[in-house]
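Chemist: the following block contains a protein sequence and its predicted model.
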Amino acid sequence: MFENLSEKLEGAIRTLKGSNRITEVNVANTIKEIRRALLDADVNYKVAKDFTDSVKEKALGQKIQIAVEPGQMLVKIVYDELTQLMGGTKQDINLSGNPAIVLMAGLQGSGKTTFSAKLAHYLKKQNKRVLLVACDVYRPAAIEQLKTLGQQLDIEVYSEPENKNPVEIAQHAVEYAKQNKYQVVIVDTAGRLAVDEEMMDEISRLKETLQPSETLFVVDAMTGQDAVNTAKAFYDRIQYDGVVLTKLDGDARGGAALSIRAVVDRPIKFIGTGEKVGDLDVFHPDRMASRILGM
Amino acid sequence: VGKSKVDDEVLDELENILIAADVGVDTTLKIIRRIEARVQRDKYVNTAELNRILREEIAALLAENQTEELNDFELPPRDTPYVMLVVGVNGVGKTTTIGKLAAQFKQKGKKVMLGAADTFRAAAVDQLKMWGERAGVPVVELGMGKDPASVAYEATKRALEEKADLLIIDTAGRLHNKTNLMNELAKIKRTIQKLIPDAPHEVLLVLDGSTGQNAVIQAREFTKVTDVSAIAITKLDGTAKGGVVIGISDEFKIPIKYIGVGEKIEDLQIFNRYEFVDSLFEENA
Ligand SMILES: Nc1nc2c(ncn2[C@@H]2O[C@H](COP(=O)(O)OP(=O)(O)OP(=O)(O)O)[C@@H](O)[C@H]2O)c(=O)[nH]1
Ligand SMILES: Nc1nc2c(ncn2[C@@H]2O[C@H](COP(=O)(O)OP(=O)(O)OP(=O)(O)O)[C@@H](O)[C@H]2O)c(=O)[nH]1
Ligand SMILES: [K+]
Ligand SMILES: [Mg+2]
Ligand SMILES: [Mg+2]
């Protein structure tokens, strides 16, 4: 299981051998390799450093079991620690309220519209009456995109093509949902950069007005070092409840998952594993840990 | 980097800046080693000089355009349409970049046409048509669900018939680890070549500026199937720096041509290596 990383650690393992305890000296190379693996996986460099520091602390003085290679033992500590960090208190999506409101937020192209449809499909299968709402009034054909997906799924999409005010559209949609006995309202929004004051103000007004039971921050698994800045900036404005990690069907190692978890204490609730509406999965911290470590 | 002497502390700080800009460990170490070598050679390097050296060393890693640095939106003179195939993973900004490019070349007096060969992603054709309208250029489409290679063929045919100067073909986003989708790109290329044997004249790989080290694999895999000849980096209007392209340009010798700096039609710039290097060291707003 730990093959790849262990291979890289070969040299480091050799230095650890001959000692029956993990010490500051013999651990240094191994820690360096682990940090390197995390950086290659796009874990933010500060997060990687804090993480390996804390792993080192945990490892120091631990007795090396005869059956296990010391290098492997360290990797195991790292793996467990990673899994725990990304797992913690696993919560389901909160669908309280009548209707329950789910609000999407995130950078451009992260997968919000696709995920909105996926979630609608997922909840419909649980016999919920779901309404999709098109609140991206900027991107060319954003409304059409959501409508197409809605049609494929036989799920109604609420939109007001002439209205350029997403807050108003969302409010009207909730009224409409109440009148038509929808149980869940999923609000798709435009992509935005955290530095775009006007757009960040818009998403925080949406959140204020709608008081959603669940606000989800949708992130591309390929995101690099900037994931922490964006995750933090969005969190500061809208205190989202959970994270969605998309495009995990690719081969990105997905260090963003760890970075985000380290800067905001919010669980990853779903992952996107493809372009089709069925390609949604719940998040498995242990699998993500293996992936980040390249195992 | 604000000290007067180049010591380990300065180099460590430099390393952090580069890593934080997504330059990646390998390329960062390569840059640091080059700096170290130069510092050792010319004994009295201070930090002011370091900035200059750094600029030079990083710029040197960025592959050059065939002849000289591109200064404007220009096309080499040709008898048949210049065909540009735009590729990349999902959501990076291909369609938007095409809309922006169309507007730029149209402004330069070129006859531009677009081909809607993303027939897969919901409303992809509608999106490109809206960009076509914005830029004031025609879009060749066969509707959704059609064979992308057939659309590319039709678009090339129309571009020839109507003596267009430039045809830009949009393709569906695809992850590079999906073999069948990657093969589809090779098929599109072969189909275009039935009409214009030396086309596509440019394969533009679009990379999202906020992507980390996976962009290196993207570049490798797309290059394998389509001979990527230029790169566009998008979304540099945010806090992400896009530093991963340094290693990509160095390793695959692909020039970076354009940068996307917003969602509006005018938000496309010609890549300037020195400005790009400077932006790596700018504090985030
Ligand atoms: N392979 C793969 N592609 C995905 C996944 N999720 C979304 N996509 C694709 O990513 C691209 C962008 O997805 P969208 O849903 O349009 O993203 P968005 O966040 O709504 O984009 P904007 O509205 O422009 O900000 C599309 O090509 C989707 O098909 C996923 O889990 N895997
Ligand atoms: N801020 C910013 N957003 C951009 C830029 N370029 C594109 N976008 C946005 O990124 C999102 C995705 O852009 P598209 O052009 O649809 O990307 P694509 O690669 O064609 O996506 P698929 O066809 O789904 O693979 C849209 O919301 C665009 O407005 C840019 O330079 N800056
Ligand atoms: K930037
Ligand atoms: Mg969208
Ligand atoms: Mg597109």
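Modeler: Received it, and whenever you're ready, just let me know what you need. Residues are numbered from 1 along each chain as shown, chains lettered A, B, ... in the order given. Ligands and ions are numbered 1, 2, ... in the order given.
Chemist: how about the one helix or strand A:Val244 maps to and chain B, touching?
Modeler: Assignment of secondary structure by DSSP states H and E places A:Val244 within strand A:242-246. No: using Cβ under 8 Å from any Cβ of the partner chain as the criterion, no contacts between strand A:242-246 and chain B are found, and the smallest distance is 8.6 Å. From N, CA and C alone the C-beta is placed, and that goes for glycine too.
Chemist: my guess is B:Leu128 contacts B:Thr97, does it?
Modeler: No: B:Leu128 is not in contact with B:Thr97 according to Cβ atoms under 8 Å; the separation is 11.4 Å.
Chemist: distance of the closest residue to chain B within the stretch 51-200 of chain A from ligand 1?
Modeler: Among all residues of the stretch 51-200 of chain A, A:Gly109 sits closest to chain B, at 3.0 Å; criterion: Cβ to the nearest Cβ. Separation of A:Gly109 from ligand 1 (Cβ to the nearest ligand atom, to the nearest Å): 4 Å.
Chemist: for the residue nearest to A:Gly242 when sequence neighbours are not counted, helix, strand, or coil?
Modeler: Closest residue to A:Gly242 apart from its sequence neighbours, by Cβ to Cβ, 6 or more residues apart in numbering or on different chains: A:Lys269 at 3.7 Å. Of the three states, A:Lys269 takes strand according to DSSP: H, G, I helix; E, B strand; the rest coil.
Chemist: ok, so what distance separates A:Lys269 from ligand 2?
Modeler: Taken as Cβ to the nearest ligand atom, the spacing of A:Lys269 relative to ligand 2 amounts to 23 Å.
Chemist: that residue: what's it in contact with?
Modeler: Under the criterion of Cβ atoms under 8 Å, 6 or more residues apart in numbering or on different chains, the contact list for A:Lys269 reads A:91-93, A:216, A:241-244, A:282-283.
Chemist: which pair in those spans the largest distance?
Modeler: A:Asp241 and A:Val282 (15.2 Å; Cβ to Cβ).
Chemist: the more surrounded of those two?
Modeler: Neighbours per residue (other Cβ atoms under 10 Å in any protein chain shown) separate A:Asp241 from A:Val282, with A:Asp241 holding more: 19 against 12.
Chemist: hang on, the more buried one packs against A:Asn94?
Modeler: Yes: shown here, A:Asp241 and A:Asn94 form a contact pair, counting by Cβ under 8 Å, at 6.5 Å.
Chemist: secondary structure element holding B:Lys30?
Modeler: Element membership of B:Lys30, judged by DSSP H and E, is helix B:25-41.
Chemist: returning to that earlier point: out of B:Leu128 and B:Thr97, which sits in the busier spot?
Modeler: B:Leu128 (28 against 25).
Chemist: which residues does the residue of the stretch 151-285 of chain B found nearest chain A contact?
Modeler: Using Cβ to the nearest Cβ, B:Gly212 is the residue of the stretch 151-285 of chain B that sits closest to chain A, at 2.6 Å. Under the criterion of Cβ under 8 Å, 6+ apart, the contact list for B:Gly212 reads A:42, A:222-225, A:252, A:255-256, B:22, B:244.
Chemist: look up how far A:Pro267 lies from it.
Modeler: 22 Å (Cβ to Cβ, to the nearest Å).
Chemist: low pLDDT regions in the stretch 1-150 of chain A?
Modeler: Segments of the stretch 1-150 of chain A classed as low confidence (criterion: pLDDT under 70) are A:1-22, A:26, A:64-70, A:88-90.
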